[in-house]
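Novice: Any chance you can model this:
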Amino acid sequence: MPASPTFRNLPADKQERILDEALSEFAEHGYGRASLNSLVGRLGISKGSIFQYFHDKPGLFRQVFDFAVERVKNHLRQVRSETQGQDVFSRLEQSLLAGLSLIEAHPRLFRLYLRIVFEGDVPFRGALLQSIRFFSRDYLLELLSEGRDRGELKPGMDLDLAAFIVDASLERFLVAKSVEHMDLDLGLYGAGLDQARRRASELVAALKAGLGA
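Specialist: Below you'll find the predicted structure:
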């Protein structure tokens, strides 16, 4: 359910402050343990205002999700634009590095994503995860399609399968960087940015060996 007209009529800076504080609350505590009382206390508004703006807690969470995902999408759109004309594997590496940089600069965004992935009480969980995967697939398909047209992929490569492989690899890499028990032997969790960048380059090299012309 979209936010109410009352919320949309608020000044843009107030809308952003409410969503940004709610992002912090959900990212830190997860959906089930996030406290609306704590949130409104920090915002200095009444709890009734939250229900007036978003109808209920699931409605607030959905707005926070859209708010967070739009930040990530804008970041990747910028990478896509700035790497236009480069070969597909350079663009994939730059996209992965952009993900690493985003996690370093805005850790709450990825923490919220991990909450959705690993916690079963998140409302609309399936739809939210599917929307992320659809955006990632479409983003990668565009890069891969342009690379195929330039002869940078193996002849006859199934682009849907290639996008699936790349998406799974890049997403798993970022999760391993952020979640200790998902790292295993790559040495990503807790690693400095230089080591993570080196590992990212090695991952893309492996993808190129399998998918490249």
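Novice: Helix or strand next in line after the one helix or strand residue 81 maps to, which one?
Specialist: Element membership for residue 81 (DSSP states H and E) is helix 57-82. Next helix or strand after helix 57-82 toward the C-terminus (DSSP H and E): helix 88-105.
Novice: quick one: that next one to helix 57-82, angle?
Specialist: In terms of direction (axes from the mean of the first three to the mean of the last three C-alpha atoms, to 10 degrees), helix 88-105 departs from helix 57-82 by 140 degrees.
Novice: Next, find the distance separating the residue lying closest to residue 135 once chain neighbours are set aside from residue 139.
Specialist: Once flanking residues are discounted, residue 135 sits nearest to residue 73: 6.3 Å by C-beta to C-beta, 6 or more residues apart in numbering. In short, each C-beta sits where N, CA and C put it, glycine included. As for residue 73, its distance to residue 139 is 8 Å (criterion: C-beta to C-beta, to the nearest Å).
Novice: Between the two, tell me which one has more neighbours.
Specialist: Of the pair residue 73 and residue 139, residue 139 is the one with more neighbours under other C-beta atoms under 10 Å, namely 18 against 14.
Novice: Just say helix, strand or coil for that one.
Specialist: Secondary structure, DSSP: H, G, I helix; E, B strand; the rest coil: residue 139 is helix.
Novice: thinking it is in contact with residue 78, fair?
Specialist: No: between residue 139 and residue 78 there is no contact under C-beta atoms under 8 Å: 12.0 Å.
Novice: Find the residue ranges of the protein scoring beneath the pLDDT cut-off.
Specialist: Within the chain, not a single segment meets pLDDT under 70.
Novice: Mind doing that once more with 80?
Specialist: 1 (pLDDT under 80).
Novice: Reduced to three states, what does residue 155 come out as?
Specialist: Assignment for residue 155 (three-state DSSP): coil.
Novice: how far away is the nearest residue to it once chain neighbours are set aside from residue 91?
Specialist: The shortest distance from residue 155 to any non-neighbouring residue, by C-beta to C-beta, 6+ apart, is to residue 213 (7.2 Å). The gap separating residue 213 from residue 91 is 15 Å, by C-beta to C-beta.
Novice: All set now, cheers.
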